[in-house]
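Undergrad: Next come a sequence and a model predicted from it.
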Amino acid sequence: MNLIALFNKNKERSISGRYITLVEIEPLLNKLNSNNELKVIGKSVLDKPIYSYQIGTGKTKVFLWSQMHGNESTTTKALFDFLNYLKSDETLANHLLTNFTFLCIPMLNPDGAALYTRSNANDVDLNRDSQVLTQPESKFLRATFDAFKPHFCFNLHDQRTIFGVADTGKPATLSFLAPSFNENRDVNESRMKSIDLIAAINEKLQSYLPNQIGRFDDSFNINCIGDTFQYLGVPTLLFEAGHFQDDYQREETRKFVFMALMSSFTVLYENVIVVNGIGKYLNIPQNKVVFYDFIYKNIKISYDGIEKITNFAAQYKEELIDNEVCFNAYFSQIGNLEHYYGHFEYDAKGASYKDDLDNIPKLNQKANFYLGNNVKFVNGMIKT
């Protein structure tokens with residue numbers, strides 16, 4: 001099975017980039033709704049519809065949800081790519097539909113998606129609301145889970161560009177987690193099923209994405225939805241879509257999420273999951289905060305007439321301006337950057353720092369500056 005060819009054939013080309021809202025996905029859901037698969041399960045704080053889409057007739061029930069955090073849209077794109085495949089009438093797609101029943105919530109948090117915020121319109125993180133259920137979106141997710149009674153849950157998220165694969169210097173383009181079900185992070189039958197499936201996914205994807213797959217931190221928090229569902233005895237997988245080189249729109253990462261979804265259900269259908277794969281799971285390197293978007297090394301700065309050589313880093317802030325996500329770079333660290341990596345790195349080799357203010361970089365200052373006499377940086381990048 002050529003996963004790259006499958007992705008290219010089934011990619012939903014009407015959606016791209018980071019800003020995916022209900023306006024973009026409603027036409028796609030209506031197009032997919034050829035047999036009354038689409039339902040409105042509730043309304044958001046701002047009275048926007050929350051849709052579910054159910055497809056397949058198989059006995060193994062799979063529950064997937066995306067954009068619980070409104071600004072995490074990569075897995076939403078990949079979920080539509082996967083739904084396109086299921087509707088493709090290819091042989092494997094038909095096998096999946098007769099062996100599985102898929103229930104998807106493509107956008108749990110439409111208000112946050114429109115505002116490009118992690119939280120909902122009440123400024124509540126829905127992934128910390130799984131116990132108290134104070135928000136309508138949380139209540140509808142839990143009610144759908146209770147009614148559907150899934151055999152597997154797929155909790156689909158994005159993660160920031162700061163995460164790398166341990167200390168390898170590689171970005172964590174995809175990360176997975178079999179959430180804990182208790183404080184001791186024990187492994188019971190339910191969690192073992194999640195572990196075995198992640199181990200199998202990782203084996204499938206290493207040939208496509210070598211050394212860029214991480215394992216997310218498994219600290220237990222019962223207020224997180226994945227931990228709650230694992231606690232309730234349903235094998236749950238956390239997907240975290242991260243950074244691929246020069247892919248700030250996450251179109252490459254989207255491809256790898258699609259591959260991970262395809263691999264998940266193929267190995268389940270073919271029953272080729274590694275049994276007791278905890279060793280292989282634990283061998284997936286853990287995520288680590290080791291990246292900045294920009295690192296600048298060996299910069300000469302003058303403080304009160306005293307010159308010193310230092311380093312500094314900048315990080316993008318994703319800011320919604322006129323319905324477009326803008327990546328604006330600000331200084332985020334000055335000084336020792338040992339053991340950190342930059343997605344973009346520049347060695348100034350002792351060149352002097354200048355800017356249009358007072359020639360001293362400051363935290364949270366826009367990354368517009370000069371090095372030496374003729375190298376200009378605008379929004380973190382060299383201006384040619």
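TA: Noted; the coordinates are in hand. Numbering: from 1, shown residues only.

Undergrad: who are the neighbours of the lengthiest helix in the chain, in terms of helices and strands?
TA: The single longest helix within the chain, with elements called by DSSP state H, is helix 251-270. For helix 251-270, the packing partners by 3 or more CB pairs under 8 Å, 6 or more residues apart in numbering; DSSP states H and E come out as helix 3-10, helix 74-86, helix 91-99, strand 100-105, strand 152-158, strand 174-177, helix 189-205, strand 236-241. For the C-beta atoms, the positions are set from N, CA and C on the backbone; glycine is no exception.

Undergrad: looking at the ones you listed, which is closest to D217?
TA: Of all the helices and strands packed on helix 251-270, strand 174-177 sits nearest to D217, with 7.5 Å by CB to CB.

Undergrad: how about low-confidence regions in the stretch 251-384 of the chain?
TA: Residue ranges of the stretch 251-384 of the chain with pLDDT under 70: 274.

Undergrad: What segments of it are helices?
TA: With DSSP state H, counting those that start in this stretch, the ranges of helices along the stretch 251-384 of the chain come out as 251-270, 278-282.

Undergrad: Now the residue of the chain positioned farthest from its centre, what are its backbone angles?
TA: Here the chain reaches farthest from its C-alpha mean at G305, the gap being 45.9 Å by CA atoms, centre = their mean. With angles defined as degrees, to the nearest 10, G305 sits at phi 80, psi 0.

Undergrad: And stretch 318-328, end to end?
TA: 7 Å (CA to CA, to the nearest Å).

Undergrad: what's it in contact with?
TA: 17-19, 71, 115-116, 248, 316-317, 366, 379 (CB atoms under 8 Å, 6 or more residues apart in numbering).

Undergrad: and the residue nearest to the spatial centre of the chain, bridged to which residues?
TA: Centroid-nearest residue in the chain, with CA atoms, centre = their mean: D158, separated by 1.7 Å. Using DSSP bridges, the bridge partners assigned to D158 are A241.

Undergrad: mind checking how far it is from R142?
TA: With the distance defined as CB to CB, to the nearest Å, D158 ends up 22 Å from R142.

Undergrad: Then L357?
TA: Distance, L357 to R142, using CB to CB: 51 Å.

Undergrad: Just want to know which of those two has more residues nearby.
TA: Neighbours were counted for L357 and for R142 using other CB atoms under 10 Å; R142 has more, 18 against 12.

Undergrad: Backbone dihedrals for the more buried one, both of them.
TA: phi -70, psi -40.

Undergrad: Quick check, pLDDT for the closest residue to it other than its chain neighbours.
TA: With CB to CB, 6 or more residues apart in numbering as the criterion, R142 has its nearest non-adjacent residue at 6.1 Å, and that residue is L133. At L133, the model reports a pLDDT of 98.

Undergrad: What of the one 3 residues further on?
TA: At P136, the predicted lDDT confidence score is 98.

Undergrad: show me what contacts the residue nearest to the centre of the chain?
TA: For D158, the contacting residues are 69, 71-75, 240-242, 250, by CB under 8 Å, 6+ apart.

Undergrad: Please name the spatially closest residue to Y116 (chain neighbours excluded).
TA: The shortest distance from Y116 to any non-neighbouring residue, by CB to CB, 6+ apart, is to L320 (4.1 Å).
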